[in-house]
Each structure stands twice: as C-alpha cells, then as structure tokens.
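> Here's my sequence, what's the structure:
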Amino acid sequence: MRTRSGRFATIDGLRGIAILLVVWFHVWQITWQSAVIPVVNLSLQPLAETGFIGVALFFFISGFVLMLPYAQAHAERMPPPSLRQFVLRRFFKIVPSYVLCIAALIAIGYQTYPNALAALRDVAFHLLFVHDWFAATSGSIDGVMWSLGTEVQFYVLFPPIAYAFVRRPAMVALAMLAVAIGWRAWCVASDHYFLSQRMQQLPAYLDFFAAGMAGAWAYTAIALHRPTIARRTWAFTALSIAGLAGIVAVAGAYYDHRFDPEWPNRSEPYLRPALALAALAAALGSLFAIRAFQRVLANPALLFLAAISYNLYLWHQPIARELERLHVPPIATADPHDDRVWQIAFWFVAIPAAIAISAALTYAFEHPLMRWGKRFETRRSRAAQRRHAEQRHAELVEAPPQS
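Numbering: from 1, shown residues only. Okay, here's the model as predicted:
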C-alpha cells in the first residue's frame, strides 16, 4: 500500500506512531498527567513514560528508507542512487529545518550562553552534527537534537555500509548488531558518569539501523522474487500485529523497571535488540498485510503526523516548555502537578500549538525547499547524463577501427 507520492503508507503509519510516542513522553514529563482510561480502567501509562522508544523507531525507519532504493537497484540489476543524489536528498530534508530551529531558539532566548565562545562552540558542534559527542553540548539548544547527530553520522557511514550490505546482507547486519550490543555492554561496564550520553550515540543504535536495512532487503526479495510468499497476507498481518504487540511489551518491560537505578540505561542492553526485532516484524508484516489492516495502520491521522514529524520532533518540546514558563494556560496552584484542570488544559493548548506550527513549517518551508532540491538534483542528473553520453560518443568516434 503506497501513498500518492509513492511512499509506503504503513511505514509512514509507523512513523506517525513514533512521533506520537515522543510527543506524548515529553508532554507527560511536563504535566505528569495520568494516562489511565477510567471507563474501561485501561492504563496507557507504560507508553506515556517510555515514549523515548519512539526515537529508536525513527532510526529503524531511517534504515529501511535509506536501504530500500539500494536493495531494489541490486535486485533489478540497475545502478544504485548516486552519492550526489543521496547527499542532496538528505541535505534538503534535514539541514534547512534544523538550522532554522537552532537560529530561532537562540534568537528567542530559549538557549542562552555565558559568553560568545560558549555560543560559538555549541552552534559549531551542532552544525557539524557532533554535539552528541560532548557532554556540554549533547542536550543543549533543543534536548531532542542529540538524535540528529546520531542520524547524520549514520548518513556519513551509510554509502560504504550499503555497498557491503547488498553483497553480504546477513554478515553486515550481524556485524552492526554485534557493535551495538558490544557498545552498550561497554557503556554499562565503564564510567557511569557518561552512561546516558554514550547510550545515545551512534554505535548504541546500529542494530536499529541494521534492522531497518534488513527489512528493506527482505521486502525487496519477497516482492520481486517470492510472489507466493507475498500472497500470504493473513500470515503477514499476524506478524505485524505481533510486532506491534512486541513494541508495547518492550515499553511495559521498560516501565516495570522505572524505579531501578540509572533507568532506563540499565535495561538497554537487552531491551533494545527486542525492540528492533519487534519493529522489524511490525514493518515487514505490514507491507504484505491485508488491505483492511494496512488502512488502519496508515490512517489519515497517523499519515498527517508522519508528514509533519520532522518539524514536530524539533519544535514540540520548546513550544511546550515555553508555554509552561509563560503559565499558558494559567496555573491555579503552587505546584502545577497538583492542578488537575491545568494538566488537562495544557494538553489542549500545547499539542495543537505544536502541531499547527510544525505543519506550517513543513508545508511552507520544508516541502518547498525539498521540491526545489529535487529539481536541482534532476537538473544535475540530466547534465551528468548528457556529459556521459557526449564522452561516450567521443570515445566511440575516436576509437581506432577494429580489424
């Protein structure tokens, strides 16, 4: 099931779930609003308090989306996307909105500095996407931006990884899994002062990127070469449901240990591989599931959240924090967590505000730039094709006749 733009709708549905979890988690951190549905006495508190797993789901989806065109090109014996195409697409998707957010948050005083040198260092490290390497800058400007460092660092490594993956997919995926597990084990065994920061760095999430890449590879192999398997839609539906249930189960396992020292980092070494496997099952199963299930997972609300997910990810926390600082809506008690009316009202103010601003930035800023970048990419690609054709023609003309 694809959207009009050719994207996989169920993968975008998972993206919508991921951003929903992240936003829910950060707003819960501000309000402490209970997530129990009173009529049926159903507690969604584990999802509210462990919404950080949405970031890991984003990494999984990135691995899938990045790998898919390479897997398809390899399967169809076609040339893969060029390095120029890869760089341009990632640049126009990530950098402009990121830079705008940094500039705006510093301009309004959301992030302040004691001196110009500290400001220069912080901004420079963020623009180089290495801010998550250093404790002083890992959580600065906008707390969620640490993941952009992890993401872009993976982009730098991706072309050679993709080259190796299409030739030895199992070996490369297992190597990435081994690095991730080894890194997390080293983090737990080493100096715990930097434990949280190190658990957010690229090596600690390589298994999620690997799982996404494996999902793209498996989808391509099944869709192109195993049509009899692809027709087992009920089995794939069950697989996707099991994967979604697995994600909820992992959230519950995190939640059960929330009072442990250094939570959630102590649980990461064994829960992250389980979460990556659950994400793989949910995504791969959804791509071949029955249409009714696909429509549920790729419903209009989740697709809309997926469409604005990048800007919503960047902006939701600063918007919510500024509203809290400005007492919008008004707080009637000394401790806002004792004001039940404020807790509920805050959701009805902060969430619509974040969605409205993110949607405006997505459709008025991000998408126009991406369309311009695509036209630029197309022009450069056509020019390169013409140069290649002219060079080939010259070679044929100048070549000596064969006897």
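> Output the contacting helices and strands for the helix or strand hosting Ala164.
Counting by DSSP states H and E, the element that carries Ala164 is helix 146-165. Packed against helix 146-165 by the contact rule (3 or more C-beta pairs under 8 Å, 6 or more residues apart in numbering; DSSP states H and E) you find helix 53-75, helix 83-107, helix 169-189, helix 206-225. All C-beta atoms are positioned from the backbone trio N, CA, C, and that covers glycine.
> wait, which of these is closest to Leu271?
Of all these, helix 53-75 sits nearest to Leu271, with 8.7 Å by C-beta to C-beta.
> what pLDDT, on average, does that closest one get?
On average, the pLDDT along helix 53-75 is 97.
> go on, stretch 88-97?
Predicted confidence along stretch 88-97 averages 95 (mean pLDDT).
> how much space between the residue nearest in space to the middle of the chain and Ala185?
Most central residue of the chain, judged by C-alpha distance to the mean C-alpha position with C-alpha atoms, centre = their mean, is Phe58 at 2.3 Å. Distance of Phe58 to Ala185, computed by C-beta to C-beta, to the nearest Å: 24 Å.
> in the protein, which ranges drop under the pLDDT threshold?
Within the chain, the stretches with pLDDT under 70 are 1-7, 376-403.
> at 80 what do you get?
1-7, 39-40, 375-403 (pLDDT under 80).
> Ala320 versus Ile355, what's the distance?
As judged by C-beta to C-beta, Ile355 and Ala320 stand 12 Å apart.
> what does Arg84 give?
As for Arg84, its distance to Ala320 is 39 Å (criterion: C-beta to C-beta).
> Those two: which has the busier surroundings?
Taking neighbours as other C-beta atoms under 10 Å, Arg84 and Ala320 compare with Ala320 leading, 23 against 12.
> How about the more buried one, nearest residue that isn't a chain neighbour?
Once its chain neighbours are removed from consideration, Ala320 has its nearest residue in Ala350; the separation is 4.5 Å (C-beta to C-beta, 6 or more residues apart in numbering).
> How about residues contacting the helix or strand where the one you found lies?
Secondary-structure assignment from DSSP H and E places Ala350 in helix 340-361. Outside of helix 340-361, the residues that reach it under the criterion C-beta atoms under 8 Å, 6 or more residues apart in numbering are 23, 27, 30-33, 97, 100, 308, 311-312, 314-316, 319-320, 323-324, 328-333, 336-337.
> what's the angle between that helix and helix 83-107?
Computed by axes from the mean of the first three to the mean of the last three C-alpha atoms, to 10 degrees, the angle separating helix 340-361 from helix 83-107 equals 140 degrees.
> quick one: helix 340-361 to chain centroid distance?
Between the mean C-alpha location of helix 340-361 and the chain-wide mean there is a distance of 22 Å, by C-alpha atoms, centre = their mean, to the nearest Å.
> Stretch 216-233 too?
Per C-alpha atoms, centre = their mean, the centroid offset for stretch 216-233 relative to its chain is 25 Å.
> got the buried residues for it?
Under the neighbour-count criterion of 16 or more other C-beta atoms under 10 Å, stretch 216-233 has 216-220, 222, 233 buried.
> With distance to Pro300 added, can I get those residues in CSV?
Listed next are these as CSV, based on distance: C-beta to C-beta, whole Å:
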residue, distance to Pro300
Ala216, 25
Trp217, 30
Ala218, 28
Tyr219, 24
Thr220, 28
Ile222, 27
Thr233, 22
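> For the closest residue to Ala223 other than its chain neighbours, grab phi and psi.
The spatially closest residue to Ala223, leaving aside those adjacent along the chain, is Ala230, at 6.0 Å (C-beta to C-beta, 6+ apart). In terms of degrees, to the nearest 10, the main-chain angles of Ala230 are phi -60, psi -30.
> wouldn't Ala230 be in contact with Thr220 here?
No: under the criterion of C-beta atoms under 8 Å, Ala230 makes no contact with Thr220, lying 11.2 Å away.
> before we move on, back to that, biggest separation within the buried residues of stretch 216-233, which pair?
Checked with C-beta to C-beta, these reach their widest spread between Trp217 and Thr233, with 20.5 Å between them.
> Who are the contact partners of Val179?
The neighbours of Val179, taking C-beta under 8 Å, 6+ apart as the test, are 203, 206.
> before we move on, what about Gly215?
Going by C-beta under 8 Å, 6+ apart, Gly215 touches 60, 63-64, 280, 283-284.
> Thr31 too?
Under the contact definition (C-beta under 8 Å, 6+ apart), the residues listed for Thr31 are 336-337, 342-343, 346-347.
> And those residues, which is closest to Asp142?
Using C-beta to C-beta as the measure, the one of these that approaches Asp142 most closely is Phe346, at 19.5 Å.
> tell me the helices in the stretch 301-403 of the chain, going along the chain?
Defined through DSSP state H, counting those that start in this stretch, the helices belonging to the stretch 301-403 of the chain, from first to last, are 309-325, 340-361, 367-398.
> Pull out the buried members of the contacts of Gly215.
Among those, the ones that count as buried by 16+ other C-beta under 10 Å are 60, 63-64, 280, 283-284.
> can you count the residues close to Ala238?
Neighbouring residues of Ala238 were enumerated by other C-beta under 10 Å; the total is 15.
> does it sit in a helix or strand, and which one?
Under the assignment here (DSSP H and E), Ala238 is part of helix 233-256.
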